[in-house]
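Student: Output the structure for:
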Amino acid sequence: MLAIIYADLRNQALVVVIFGLMGTGKTTLARALGAALGWPVLHSDAVRKHLAGMAPTARAPLEFGKGIYAEDFSARTYAEMRRLAAAPLAAGGSVILDASFKRAQERELVHELAREHGARVVWVYCQCAAQVVRERLGIRLTNLQAISNGRVELLEAQAHDFDPLRREDRPLLRLNTGRELAVVLEELKSFVQNFL
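Tutor: Predicted structure coming up:
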């Protein structure tokens, strides 16, 4: 009986949530994981700009929490991500979500989405040294293909506005993304494969 339950859990679809502060490598890592596993990836920055009628690489140098980054627009963005994620989950597939998920309520809604589709959620919290984050955000300003509008001057505000991680946000991998991408990706793939 236990073996059957264990097998059923291992055959569940996965929602892999790659989250954390800006500049910690979420999008790069989500793309790499999606390519490695052949899973769809939903990037909050791209979804947000689509909802606003903007090109993914359009710049929106707004103040923290304003415009398309206001709470109500962010709620719309996360709702649209859940809507888009429902299609592969309904088909029995897995999906990767790339966003800050700074609100505990938004994280809880991902759990609800997974439960509705008989899927499981795994959480990957990206973190690295502050100096690395600042360097990345500086480089991003010159990258015309970047979809994120994260900037150094917004980092502290985002960190203070981030709801603490909860016991419910598990299984959780706290991933040091300050290393070579290939090394980080291997650690992430190993974590995810524990649930496949």
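
Student: And the next helix or strand past the longest helix belonging to the chain?
Tutor: Determined from DSSP state H, the single longest helix within the chain is helix 71-90. Sequence order places strand 95-98 as the next helix or strand after helix 71-90, per DSSP states H and E.

Student: If you count contacts, what does the helix or strand that that following strand is followed by end up packed against?
Tutor: Next helix or strand after strand 95-98 toward the C-terminus (DSSP H and E): helix 104-116. Of the remaining helices and strands, those touching helix 104-116 by 3 or more CB pairs under 8 Å, 6 or more residues apart in numbering; DSSP states H and E are strand 14-20, helix 71-90, strand 120-127. Every residue, glycine included, has its C-beta placed from N, CA and C.

Student: switch the cut-off to 10 Å
Tutor: Packing partners of helix 104-116 (3 or more CB pairs under 10 Å, 6 or more residues apart in numbering; DSSP states H and E): strand 14-20, helix 71-90, strand 95-98, strand 120-127.

Student: and the next element down the chain from the last one?
Tutor: For strand 120-127, the succeeding helix or strand toward the C-terminus, using DSSP H and E, is helix 130-140.

Student: that older thread, Serialize the helices and strands packed on helix 104-116 to JSON lines and add fields for mean pLDDT.
Tutor: Listed next are the helices and strands packed on helix 104-116 as JSON lines, based on pLDDT from 0 to 100:
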{"stretch": "strand 14-20", "mean pLDDT": "97"}
{"stretch": "helix 71-90", "mean pLDDT": "96"}
{"stretch": "strand 95-98", "mean pLDDT": "98"}
{"stretch": "strand 120-127", "mean pLDDT": "97"}
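
Student: any chance of those in JSON lines, with distance to residue 189 too?
Tutor: Output for these, formatted as JSON lines (distance: least, CB to CB, whole Å):
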{"stretch": "strand 14-20", "distance to residue 189": "10"}
{"stretch": "helix 71-90", "distance to residue 189": "19"}
{"stretch": "strand 95-98", "distance to residue 189": "12"}
{"stretch": "strand 120-127", "distance to residue 189": "11"}
